Every structure is written in structure tokens, then in C-alpha cells.
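S.K.: sequence and predicted structure are below.
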Amino acid sequence: QEYTALKLKVIEWAPKAAEAIKGKLPEGASVYLCPATLRPETMYGQVCCFVGPSLTYGVYKARENEYFVITERAARNMAFQSIFEKDGIPEKAADLQGSDLIGTLVNAPLSFHREVRVLPMETVLATKGTGVVTSVPSDSPDDYATVTELAKKPDYYGIKKEWAELEIIPIIQTPTSDLIAPYLVKKLKINSPKDTKQLAEAKELAYKEGYYQGVMKVGDFAGEKVEVAKPKVREQLIKNGDAFPYSEPESKVVSRSG
Ligand code: ZZB
């Protein structure tokens with residue numbers, strides 16, 4: 001799988017995360033949460049960044065004064081892809097529990113919402129990508145189901161309701177809708193992030209329709225087909241230093257096509 005790993009710069013740490021990294025990073029270092037995505041063209045629609053609350057993350061040194069928050073598994077992969085200044089064994093500055101990160105404020109490159117919060121997603125897999133997921137509820141049914149659930153029970157999830165209620169802006173027009181994910185979630189009667197079977201079906205439909213029939217509604221490539229715009233948005237993100245290529249070995253268990 002060839003992912004695009006995005007760099008979401010930490011603006012303000014949640015109190016527990018601040019505590020956990022205290023004294024462990026050089027003064028003035030930049031720290032980024034790095035979600036891996038297959039849909040760089042949807043980055044205009046980011047509304048939050050998900051972590052698995054029960055997963056463990058590390059703060060890894062990428063280069064002088066630059067650190068990435070990702071799973072250890074992802075750090076090991078990156079260390080072999082010349083993503084870090086030093087190849088081989090990744091250098092870890094601190095450990096962070098996913099739950100400690102909830103509420104952290106990050107910058108979201110390209111998004112209409114310049115600053116978004118880190119929120120919990122129970123279905124984040126430790127075995128895929130970086131364990132960090134950027135949330136685009138306009139085009140990802142899983143993301144739409146999760147932000148809907150979070151906004152319903154903010155106290156239960158230990159968040160502020162408004163963190164889960166950022167406006168969902170249409171990014172891609174398809175023959176059925178310009179908000180394909182909410183459309184499919186309603187159509188397939190998906191009530192919660194736990195409806196995993198229907199969500200898998202919705203995801204497949206959203207991928208296919210978005211990729212083959214989608215047209216960009218926003219951004220520098222508005223009016224262009226998604227198929228054409230996707231690599232252009234990716235290049236732009238990488239050129240601006242907001243993202244980097246990250247690949248991981250194809251695994252039967254975690255692959256989308258199975
Ligand atoms: C933004 C985005 C926007 C995504 C969209 C999808 C969609 P896949 O398809 O199963 O191979 N993802 C990445 N890492 C994880 C993880 N560790 N646990 C759970 N989900 C993860 O997975 C690739 C997509 O799954 C990634 O692309 C990411 O969400 C999420 F409009 O990033 B995506 C129809 C999907 N649309």
C-alpha cells in the first residue's frame with residue numbers, strides 16, 4: 001500500500017500529553033501527528049484527527065527538532081524508507097497513550113478547518129498505516145459514523161461537543177451526492193461505528209464512486225476528475241512539506257481488497 005502520510009503540527013497539547021512529554025523534547029521542537037491516507041484529494045475536508053484511545057504511540061525523532069507521533073510499527077517501517085534522517089532503528093523520545101492525546105489541537109494542511117482536535121476512534125487498527133487517521137466525514141463513511149457518535153455522547157468520550165461538530169463541507173461531486181459518506185450511511189441504515197459490516201460495504205462504494213465518477217468541487221483542481229486530481233494534490237502536499245510518501249508491505253489481514 002502506498003500511503004500519503006500527512007503532517008499535522010501540534011499547536012497545543014492536551015494536558016495529559018503535555019505531562020507525558022515534559023522535558024523529553026528539545027525546546028522549540030515541532031511535533032506532528034502523521035495520519036496515513038489513501039485519499040489525499042479529500043484533505044480539504046478534514047474535521048478532526050483520530051487516534052485509538054487504547055493504543056500506544058511513540059514520539060519519534062525524524063530529524064533535528066522534528067518529531068512524529070505514530071505507532072512503533074510505523075516508526076520501524078519508516079526507519080527503512082529513509083523518512084527519518086537516520087536509517088535503521090527509530091529514536092523514540094517519549095511514549096503516549098492514545099487517550100492522553102484526546103483534545104490536542106493540530107494544524108490540518110489544506111483543510112477548510114485550519115485547526116482541528118484529536119478525537120478517539122475505537123476502530124483504529126494498530127496494524128495499519130500509522131495508527132493515526134485523519135477524519136473526512138464528507139467522503140469516509142467510517143469517519144462520518146464516528147463523528148456522529150462522538151457528537152451524540154461527548155461526555156462519555158471525554159470531549160467537548162463542538163470538537164466533533166465542525167461543518168462538513170462538500171469536497172467531491174459524484175452522480176449520487178456531493179456528500180457521499182453521509183448519503184451512504186443513511187441509505188445503508190448505519191447507526192453506529194460498530195456496524196462494521198455495512199460500513200465496509202459503504203467504504204467500498206464510496207471509494208469506487210469517488211475515484212471513478214468523482215469531480216473535485218474545491219481547491220486548485222476544482223472541476224477536474226478525482227482520478228486526475230488525486231496525484232496532483234498529493235504532489236502539492238509533498239512539495240509544500242506537508243506530507244511524505246509512506247508505504248507498507250501488503251498484508252492479507254489488513255488490505256482493503258482482502
Ligand atoms: C482519509 C480518508 C478520506 C480516508 C476518505 C478514506 C476515505 P483501507 O481503505 O482500509 O486500506 N485508515 C488509515 N489507517 C487506519 C488505521 N490504522 N485504522 C483504521 N483506519 C485507518 O484504509 C485506508 C483508509 O483507512 C485511510 O484513508 C484512512 O482513512 C483509514 F474520504 O484517510 B483515509 C471511502 C474511504 N474514504
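M.R.: Thanks, I have the structure now.
S.K.: for Lys225, which non-adjacent residue is closest in space?
M.R.: Using CB to CB, 6 or more residues apart in numbering and skipping residues adjacent in sequence, the residue nearest Lys225 is Val215, 5.8 Å away. Using the backbone N, CA and C atoms, a C-beta is placed for each residue, glycine as well.
S.K.: for that neighbour, which residues make a bridge with it?
M.R.: Gln173, Lys225 (DSSP bridges).
S.K.: just confirm it contacts Pro170, I think it does.
M.R.: No: using CB atoms under 8 Å, Val215 makes no contact with Pro170, being 11.2 Å away.
S.K.: quick one: contacts for the closest residue to Gly158 other than its chain neighbours?
M.R.: Excluding the flanking residues, the one nearest Gly158 by CB to CB, 6+ apart is Ile102, at 6.2 Å. Contact analysis of Ile102 by CB atoms under 8 Å, 6 or more residues apart in numbering lists Ala14, Val51, Pro53, Val118, Leu119, Pro120, Tyr157, Gly158, Ile159.
S.K.: is it true that the first one touches Thr104?
M.R.: Meaning Ala14. Yes: with contact defined as CB under 8 Å, Ala14 and Thr104 form a contacting pair (4.6 Å).
S.K.: show me which of these two is the more surrounded one.
M.R.: With neighbours defined as other CB atoms under 10 Å, Ala14 and Thr104 compare such that Thr104 has more, 26 against 20.
S.K.: return the per-residue confidence for the more buried one.
M.R.: Looking at Thr104, its pLDDT stands at 98.
S.K.: how close does it sit to Glu227?
M.R.: 34 Å (CB to CB, to the nearest Å).
S.K.: next one: Met121
M.R.: Relative to Glu227, and taking CB to CB, Met121 is found at 28 Å.
S.K.: who has more neighbours, these two?
M.R.: Met121 (24 against 14).
S.K.: for the stretch 101-250 of the chain, what spans make up the strands?
M.R.: Listed from the start of the chain, the stretch 101-250 of the chain has strands (DSSP state E, counting those that start in this stretch) covering 105-107, 115-120, 132-135, 172-173, 215-216, 243-247.
S.K.: tell me which residues are up against the fifth one.
M.R.: Contacts of strand 215-216 from elsewhere in the structure, counted by CB under 8 Å, 6+ apart, are Glu41, Ile171, Ile172, Gln173, Thr174, Ala222, Gly223, Glu224, Lys225, Val226, Ala229.
S.K.: close enough to count as contact, the second one and Val136?
M.R.: Yes: using CB under 8 Å, Ile171 is in contact with Val136, at 7.4 Å.
S.K.: need the residues touching each of the two.
M.R.: Thr42, Gly45.
S.K.: now do the longest helix anywhere in the chain: which elements does it pack against?
M.R.: Criterion DSSP state H: the longest helix present in the chain is helix 196-213. Contacts defined by 3 or more CB pairs under 8 Å, 6 or more residues apart in numbering; DSSP states H and E place helix 196-213 against helix 141-152, helix 180-187, helix 226-239.
S.K.: just name the most buried of those.
M.R.: Ranked by mean neighbour count under mean count of other CB atoms under 10 Å, the helices and strands packed on helix 196-213 are led by helix 141-152, which reaches a mean of 23.
S.K.: now it and strand 115-120, what's the angle there?
M.R.: 90 degrees (axes from the mean of the first three to the mean of the last three CA atoms, to 10 degrees).
S.K.: quick one, what contacts the spatially most central residue of the chain?
M.R.: The structure's the chain has its C-alpha centroid closest to Thr134; by CA atoms, centre = their mean the separation is 1.7 Å. Listed by CB under 8 Å, 6+ apart, the contact set of Thr134 reads Leu6, Leu8, Pro35, Thr37, Met43, Gln46, Cys49, Phe50, Ala108.
S.K.: sorry, back to before: between Ala14 and Thr104, what contacts are shared?
M.R.: Common neighbours of Ala14 and Thr104 (CB under 8 Å, 6+ apart) are Val118.
S.K.: can you point out the buried residues in stretch 114-126?
M.R.: Val116, Arg117, Val118, Leu119, Pro120, Met121, Val124, Ala126 (16 or more other CB atoms under 10 Å).
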